[in-house]
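1. okay, predicted coordinates and the sequence, questions at the end:
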Amino acid sequence: MRIDKIVVPRWFDRHLHIRDGEMMKTVLPCTLNQRATGAIIMPNLADPITSIEKAKAYRERIIHVRDSYNMDLEGPFGVPVLRDFVPCMTCYLTDNTDPEEVVRGFEEGAWRAVKLYMANQKGQGGTTGSAHGVRNLLGRYPVFEAMEKHKIPLLGHFEAVEEDVDEFDREIVSVERDLKPILKSFPGLPVVFEHLTDGRAADFVAHCGCCDEHARLFATVTAHHLMINRNAMFWGGMNPGHYCKPVPKRETHRAKVRQYVTSGNRRFGAGTDSAPHDESVKSRCYGCAAGIFTAPTAVELYTTVFDEDDALEHLGPFLSENFLALYGMDVSSETMTIERTPMRTQEKIGNVQVFKGGTELPWKLVG
């Protein structure tokens, strides 16, 4: 039976980049207009969020932009954009991060989780702003021990960063080399596999999630990784608009991840990894920035995926329920409505290219 309207609890973005300064002012309203109750804010700024003081200051800047926007503008249908969006901060883990500060920042509410980026011995990271990441993972085990004791979530960008690892195998190499030893050493540590793209990694998360031993393992999945495979980076020549990290994988991997997501597996939840870059940086010939900007239509994109798979009954839990307690969030008592109404996507927000910009989506968030 055709469904033309869906009502689900307001959603929560478990992985979001809003940058800082003028870029934040440009992109944050997109997430506010999408009626998110909050988001896990990534800490990989040019000056990474490595201390309690930096986390608190960044949160205040976000709140200032949020409240300024709400006072000046209205959202869809004349309804003021909601002021209750909660920016949930994260601590950028480095080789010098002190376990005591991690715990203190968590207990003081400066951050909700710790973000793991890894860098190789040359200081090369696997994604934007990751050059300050961890080079010696074993050296971070005292931090993980403290996090396990206090149930502080570890949000992992699990990609091997060595130059000799094939680009399309970086996730599964990291699963074997990094993630499995962490889970074995710290079975009580809550771990989220961020922006999962590899079908083999999806199998691992799904199967471990059924076992008591690794009951605290979850994964976020982006809308764009559910919609495109690696061919998208080469349609019409090199296509920087579809280049992100982790890179999209071959079709068999996309299909496997999507199968777990739209079948209602509760170990997987919505994390857009919406990553804005100025067009001048995104489209340059050498050193093209990695990141896809989905924030303006994130809900509509996810809804389209679940609709295509005849699985709209699983959309609400994926967007609005799955493992929210891990981040200290409750399922919202308020709802949002998505209607089967064609909507044309903006090509750009400011100077940022929008994913599927200029195309028509079959669903629209209406309030």
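-> Good, I have the coordinates.
2. from here on, contacts and neighbour counts on C-alpha atoms
-> OK.
3. work out the gap between the lengthiest helix in the chain and the centre of the chain.
-> Ranked by number of residues, the top helix in the chain under DSSP state H is helix 52-72. Counting by C-alpha atoms, centre = their mean, to the nearest Å, helix 52-72 is centred 20 Å from the centre of its parent chain.
4. buried residues of that helix, list them for me.
-> Burial within helix 52-72, assessed by neighbour count using 16 or more other C-alpha atoms under 10 Å, is assigned to 52, 54-56, 58-59, 62-63, 65-66, 69-70.
5. just stretch 98-116 next, same as before
-> Neighbour-count burial for stretch 98-116, counted by 16+ other C-alpha under 10 Å, picks out 98-99, 102-103, 105-106, 110-116.
6. now do stretch 309-325
-> 312, 314-324.
7. list the contacts of it.
-> For stretch 309-325, contacts defined as C-alpha atoms under 8 Å, 6 or more residues apart in numbering pick out 8-13, 218, 261-264, 266-270, 302-303, 306, 330-332.
8. just the ones of the buried residues of stretch 98-116 in helices?
-> Counted as lying in helices by DSSP H, out of the buried residues of stretch 98-116, are 99, 102-103, 105-106.
9. low-confidence stretches in the stretch 1-150 of the chain?
-> Residues of the stretch 1-150 of the chain meeting the criterion pLDDT under 70: 70-82.
10. how does it look with 90?
-> Across the stretch 1-150 of the chain, the ranges flagged by pLDDT under 90 are 1, 68-83, 119-132.
11. how about the strands in it?
-> Secondary structure of the stretch 1-150 of the chain (DSSP state E, counting those that start in this stretch): strands located at 5-9, 13-16, 38-41, 86-88, 90-92, 113-116.
12. pick the most deeply packed of those.
-> Mean neighbour count (mean count of other C-alpha atoms under 10 Å) peaks for strand 90-92 among these, with a mean of 28.
13. and the gap between the closest residue in space to Thr335 that isn't next to it in sequence and Ala39?
-> Nearest residue to Thr335, sequence neighbours excluded (C-alpha to C-alpha, 6 or more residues apart in numbering): Pro9, at 4.1 Å. Between Pro9 and Ala39 the computed distance is 15 Å (C-alpha to C-alpha, to the nearest Å).
14. what's the residue nearest to Leu28 when sequence neighbours are not counted in contact with, if anything?
-> In space, and not counting its chain neighbours, Leu28 is closest to Ile18: 6.1 Å by C-alpha to C-alpha, 6+ apart. Residues near Ile18 by C-alpha under 8 Å, 6+ apart: 24, 27-28, 41-42, 275-276.
15. okay, the buried residues of stretch 98-116 in CSV with distance to Val366 next?
-> Converted to CSV, the buried residues of stretch 98-116 look like this (distance: C-alpha to C-alpha, whole Å):
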residue, distance to Val366
Asp98, 45
Pro99, 44
Val102, 40
Val103, 40
Gly105, 38
Phe106, 36
Ala110, 33
Trp111, 32
Arg112, 30
Ala113, 32
Val114, 34
Lys115, 33
Leu116, 36
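16. wait, a helix at Pro276?
-> No - using DSSP: H, G, I helix; E, B strand; the rest coil, the assignment for Pro276 is coil, not a helix.
17. looking at it, it is touching Val352, isn't it?
-> Yes - proximity of Pro276 to Val352 meets the contact threshold set by C-alpha atoms under 8 Å, at 6.2 Å.
18. any shared contact partners between those two?
-> Both Pro276 and Val352 are contacted by Phe293, under the criterion C-alpha under 8 Å, 6+ apart.
19. neighbour count for these two, which is higher?
-> Remark: of Pro276 and Val352, Pro276 carries more neighbours, 27 against 21, as counted by other C-alpha atoms under 10 Å.
20. next, the contact list for the more buried one, please.
-> Applying C-alpha under 8 Å, 6+ apart to Pro276 gives the contacts 17-19, 27, 291-293, 352-353.
21. adding distance to Ala201, write these out as a markdown table.
-> As requested, these are exported to a markdown table (distance: C-alpha to C-alpha, whole Å):
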| residue | distance to Ala201 |
| --- | --- |
| His17 | 23 |
| Ile18 | 27 |
| Arg19 | 28 |
| Val27 | 31 |
| Gly291 | 21 |
| Ile292 | 21 |
| Phe293 | 24 |
| Val352 | 31 |
| Gln353 | 29 |
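22. of those residues, which is the nearest to Leu93?
-> Nearest to Leu93 among the contacts of Pro276 is His17, at 16.6 Å by C-alpha to C-alpha.
23. distance of that closest one relative to Ser274?
-> Separation of His17 from Ser274 (C-alpha to C-alpha) stands at 6 Å.
24. who has more neighbours out of the two?
-> Using other C-alpha under 10 Å as the criterion, His17 and Ser274 rank with Ser274 on top: 26 against 23.
25. hang on, that one packs against Ala295?
-> Yes - if you go by C-alpha under 8 Å, Ser274 and Ala295 touch, sitting 5.6 Å apart.
26. can you give me the helices for the stretch 251-367 of the chain?
-> With DSSP state H, counting those that start in this stretch as the criterion, the stretch 251-367 of the chain has helices at 251-262, 279-282, 298-308, 315-320.
27. and the first one, which residues are buried?
-> Neighbour-count burial for helix 251-262, with 16+ other C-alpha under 10 Å as criterion, is recorded at 253-262.
28. neighbouring contacts of it?
-> So helix 251-262 is contacted by 196-200, 202, 206, 225-230, 248, 268-269, 305-306, 309, 311, 314-315, 318 (C-alpha under 8 Å, 6+ apart).
29. show the buried residues in those residues.
-> With burial judged by 16+ other C-alpha under 10 Å, the buried subset of those is 196-200, 202, 206, 225-230, 248, 268-269, 305-306, 314-315, 318.
30. so Thr337 touches Glu300, yeah?
-> No - Thr337 is not in contact with Glu300 according to C-alpha under 8 Å; the separation is 10.8 Å.
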